[in-house]
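# Give me a 3D structure for the following:
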Amino acid sequence: AMAQAALGAVGLHFDELNKLRVLEPEVAAQTAQLREECRAFVDKTAEFQKIVGSLIEVVDQLAKAAESEKMKAIGARNLLKSIAKQREAQEQQLQALIAEKKMQLERYRVEYETLCKIEADQNEFIDQFIFQK
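Here you go, the predicted model:
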């Protein structure tokens with residue numbers, strides 16, 4: 001015990017295996033424990049970085065997918081607009097055609113009435129001609 005005290009005074013200590021050490025056994029144990037805690041902390045930090053990295057990847061993929069869907073939606077909307085414009089133009093063409101056909105029908109009706117009148121006049125003339133004989 002006296003030898004241990006003398007060695008302790010000059011900074012030398014025996015550990016539990018009676019090996020000569022520069023550090024006190026308690027300080028050595030605390031240092032080892034601190035080293036283990038640091039190693040565990042570093043491991044946890046690395047794991048956290050991995051998790052964060054994969055989370056960032058997932059968020060990037062979702063952002064790309066959302067952008068892609070947005071572009072598809074814009075394309076579909078533009079297509080619908082152009083189809084609507086085409087239909088509108090088609091409808092205007094058909095309305096113009098209907099108006100044209102109505103005018104043609106009116107001309108034919110007038111022409112028919114005129115021909116009917118001419119026929120009636122001619123029939124009347126023929127009847128008079130026959131009765132005169």
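
# give me the low-pLDDT residue ranges for this protein?
1, 3-5, 7-18, 20-25, 133 (pLDDT under 70).

# In it, which helix is the longest?
Ranked by residue count under DSSP state H, the longest helix found in the chain is helix 25-132.

# ok now that one, how far from the chain's centre?
In terms of Cα atoms, centre = their mean, to the nearest Å, the centre of helix 25-132 is set 15 Å apart from its chain centre.

# Give me the distance between residue 56 and residue 70.
Applying Cβ to Cβ, to the nearest Å, the value for residue 56 to residue 70 is 21 Å. All C-beta spots, glycine's among them, are computed from the backbone N, C-alpha and C.

# same question but for residue 110, I mixed them up
Residue 110 is 60 Å from residue 70, by Cβ to Cβ.

# what does residue 34 give?
52 Å.

# same check, this time on residue 46
Taken as Cβ to Cβ, the span from residue 46 to residue 70 is 36 Å.

# Same check on residue 63?
Distance from residue 63 to residue 70, by Cβ to Cβ: 10 Å.

# and what of residue 100?
45 Å.

# Repeat that for residue 76.
11 Å.

# Repeat that for residue 82.
19 Å.

# Residue 117 now?
71 Å.

# ditto for residue 31
57 Å.

# what do you get for residue 88?
27 Å.
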